[in-house]
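**Student:** Have a look; sequence and predicted model below, questions after that.
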Amino acid sequence: MTALDVDVRPAPATRPVPPAGRAAQIDASIWLRRDQIGFLRRALDRYGDIFSLRVLGMPLIMVNHPDYVQRVLVDNHTNYDKDSLLYRVVRPVLRDGLIGAVGGDAWHRQRRLMQPSFHRPNVAVFASNMTDETEAMLDRWDRNVADGDVVDFTAELGHLALRIVTRTLYGADVGDSTEAIEADFTAANRIMGAFFRFPFPPLSWPTPSHRRLRQLIGNLDAFIDELIRQRADRTEARHDLLSVLAAAVDQDTGYRMTPEQLHHEVLNIMVGGYETTTHTLGWMFYLVARNPEVLQRIQAEADAVLGGRPPTFDDLLRLPYSRRVVDETLRMNSAAWQTMRHAIDDDEIGGCHIPAGSGIYINILTVHRHPAYWPDPDRFDPDRFLPAAIAERPRNSYLPFGLGPRNCIGKHFALTELHLVLVMLLQRYQIKLPANITTIPMQPMVTLRPKGGVHMHVWRR
């Protein structure tokens, strides 16, 4: 090494990553199938914010401290790609789209090309799709739902989320085919969730469920192909996301997406815009219904600001309390609740040596309930997101959309949709949980679902 060379290798670590105890190692072999969340919280209480364990023979390092998360996702993000178990599970569906792509130059080029399509001006234009579709759902309730009836919020909000994302992509209603695609999404997610909890036999093996998964993927592919074909055939101009993406060109390199890459990205947008939004909306209305004082404050704010008219994108800044409700929901029960990375080279985290090839597991749910940064973490309190409270804690203790260069590209779209739907539904309806439901358990799959769905009494205001 010459005087001009710089040694960028990590300094020698002071210690290896502490292993979880023997009982936890045994417990970990069944944690994914029985009580993943309970196991994680018990292990963190006992072993601290960084420890190693083996799951089904695979070594994993769990990190749960904001500084450790910052190291993996931001400060040394180039050393951590997505060649990990979680993304291997979803890659048969998502392929080389932004969500599951391993990383590297190809991913970076694709992200840079797509990012402008999700900037604030475009989200502002797409907000009318959100309000139009939400109003259509509520008008249907006005016609078909009597006061006090129980509504299946999971099903209704799933229909709504899928109609919003398909209309945003295509610029028009795509008809009844969305219902069939929604059923395919749900079935594929169930198979992938079961595989994630017990990843054997490999997806390449032709078991009945794996053959069914391939059939479902084929259905989704056919739907996307038809959307893209219809867009190419039409002559009228529309400002829809599919057209924006198809026309996107990197000004520095001239790169534009191939038809295959466009297909993959549209599918990623649909999965992200439907699956995580559906369940986050369900959790949000469940948490609001459990906290009547929160419900009253949302309605009082909306009444004072909007006077009964539907909100617009520009109104959202004038509705800060309901936005804090969105943020607190994403802290408590974010549907995108876990992520994984793979260490390319050796590193050091929290004074521990991270060997090359290590799997890194970050559970967003447990970071969001870390008692050192979130006092009384299991209590729903939107005022945690008042500016003064935000300033008192590390920024990287809150990561519902990830952190760093690989944070969710649709973050602003999702926040706008969650905020608008929350305000519009509670402007028009009162909600209450059925008397026999006090809590809804978490169902940890690839996303975090409300087990059994969310069902609610509704009354016209």
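**Tutor:** Thanks, I have it.
**Student:** what helix or strand does D45 sit in?
**Tutor:** Using DSSP states H and E, D45 sits in helix 36-47.
**Student:** Could you check stretch 406-426 and say which residues are buried?
**Tutor:** Within stretch 406-426, the residues scored as buried using 16 or more other CB atoms under 10 Å are 406, 408-410, 412-426. C-betas here are computed from N, CA, C, even on glycine.
**Student:** who touches the residue nearest in space to the middle of the chain in this structure?
**Tutor:** Central residue of the chain (CA atoms, centre = their mean): A336, 3.3 Å from the mean position. A336 makes contacts with T276, I364, P400, F401, G402, C408, T447, L448, as judged by CB atoms under 8 Å, 6 or more residues apart in numbering.
**Student:** So which of the residues you listed is the closest to V125?
**Tutor:** Checking the contacts of A336 against V125 by CB to CB gives C408 as the nearest, at 19.5 Å.
**Student:** secondary structure class for the closest one?
**Tutor:** Under DSSP: H, G, I helix; E, B strand; the rest coil, the three-state class of C408 is coil.
**Student:** for it, what are its contacts?
**Tutor:** Here C408 is in contact with G272, A336, F401, G402, A414 (criterion: CB under 8 Å, 6+ apart).
**Student:** change it to 10 Å
**Tutor:** L98, I99, F118, G272, T276, A336, L399, P400, F401, G402, A414 (CB atoms under 10 Å, 6 or more residues apart in numbering).
**Student:** how far away is it from L365?
**Tutor:** 16 Å (CB to CB, to the nearest Å).
**Student:** picking up where we left off before, check for me that the residue nearest to the centre of the chain belongs to a helix.
**Tutor:** No. Read with three-state DSSP, A336 is coil and lies in no helix.
**Student:** ok, now which ones touch F126?
**Tutor:** 117-118, 164-165, 167-169, 171, 239-241, 313, 413, 416-417.
**Student:** Going by neighbour count, which residues in the strand or helix carrying it are buried?
**Tutor:** Counting by DSSP H and E, the element that carries F126 is helix 120-144. For helix 120-144, the neighbour count (16+ other CB under 10 Å) marks N122, V123, F126, A127, N129, M130, T131, E133, T134, M137, L138, W141 as buried.
**Student:** ok, of these, which one's closest to I50?
**Tutor:** Using CB to CB, the buried residues of helix 120-144 come closest to I50 at V123, 36.7 Å.
**Student:** got a pLDDT number for that closest one?
**Tutor:** Note on V123: pLDDT of 94.
**Student:** quick one, what contacts it?
**Tutor:** V123 neighbours (CB under 10 Å, 6+ apart): S117, M130, T168, F313, G410, K411, H412, F413, A414, L415, T416, E417.
**Student:** thinking again about what came up before, by neighbours, which of the contacts of F126 wins?
**Tutor:** Using other CB atoms under 10 Å as the neighbour test, those are led by E417, with 29 neighbours.
**Student:** In this structure that one contacts M284, no?
**Tutor:** No. At 11.2 Å, E417 does not count as touching M284 under the criterion of CB atoms under 10 Å.
**Student:** Any chance you could list residues touching both of the two?
**Tutor:** The overlap between the contact sets of E417 and M284 (CB under 10 Å, 6+ apart) consists of V326.
**Student:** Low-confidence stretches in this structure?
**Tutor:** In the prediction, the chain carries residues with pLDDT under 70 at positions 1-13, 23-33, 56, 174-176, 237.
**Student:** where along it do the strands fall?
**Tutor:** 15-16, 50-55, 58-63, 80-81, 150-152, 338-343, 347-349, 352-354, 359-363, 429-432, 442-444, 448-450, 455-460 (DSSP state E).
**Student:** Next, work out how far apart the residue nearest to V266 when sequence neighbours are not counted and R88 are.
**Tutor:** Nearest non-adjacent residue to V266, counting by CB to CB, 6 or more residues apart in numbering: I224, 5.2 Å away. Separation of I224 from R88 (CB to CB) stands at 22 Å.
**Student:** Also T439?
**Tutor:** To R88, T439 is 33 Å away according to CB to CB.
**Student:** follow-up on the earlier one: using JSON lines, lay out the buried residues of helix 120-144 together with distance to F185.
**Tutor:** As requested, the buried residues of helix 120-144 are arranged in JSON lines below (distance: CB to CB, whole Å):
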{"residue": "N122", "distance to F185": "24"}
{"residue": "V123", "distance to F185": "23"}
{"residue": "F126", "distance to F185": "20"}
{"residue": "A127", "distance to F185": "23"}
{"residue": "N129", "distance to F185": "19"}
{"residue": "M130", "distance to F185": "19"}
{"residue": "T131", "distance to F185": "24"}
{"residue": "E133", "distance to F185": "17"}
{"residue": "T134", "distance to F185": "20"}
{"residue": "M137", "distance to F185": "18"}
{"residue": "L138", "distance to F185": "23"}
{"residue": "W141", "distance to F185": "23"}
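**Student:** does W107 really touch I409, like I thought?
**Tutor:** No. Under the criterion of CB under 10 Å, W107 makes no contact with I409, lying 11.4 Å away.
**Student:** Report the set of residues contacting both of these two.
**Tutor:** Residues touching both W107 and I409 (CB under 10 Å, 6+ apart): L98.
**Student:** Can you tell me which of the contacts of A336 end up in helices?
**Tutor:** Of these, the ones assigned to helices by DSSP state H are I364.
**Student:** Distance to R331 added to the contacts of A336, as CSV?
**Tutor:** CSV is the format used below for the contacts of A336 (distance: CB to CB, whole Å):
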residue, distance to R331
T276, 15
I364, 9
P400, 7
F401, 12
G402, 14
C408, 15
T447, 16
L448, 12
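**Student:** Go through the contacts of A336 and name the one nearest A20.
**Tutor:** Of all the contacts of A336, A20 sits closest to I364, with 19.9 Å by CB to CB.
**Student:** Who are the contact partners of the closest one?
**Tutor:** 69, 330-331, 334-339, 398-402, 448.
**Student:** now C352
**Tutor:** A13, T14, R15, P16, V17, P18, I50, F51, S52, I61, V63, Y68.
**Student:** Can you give me the neighbour number for the fifth one?
**Tutor:** To tie it back to what came earlier, the one meant is V17. Around V17 there are 22 residues (other CB under 10 Å).
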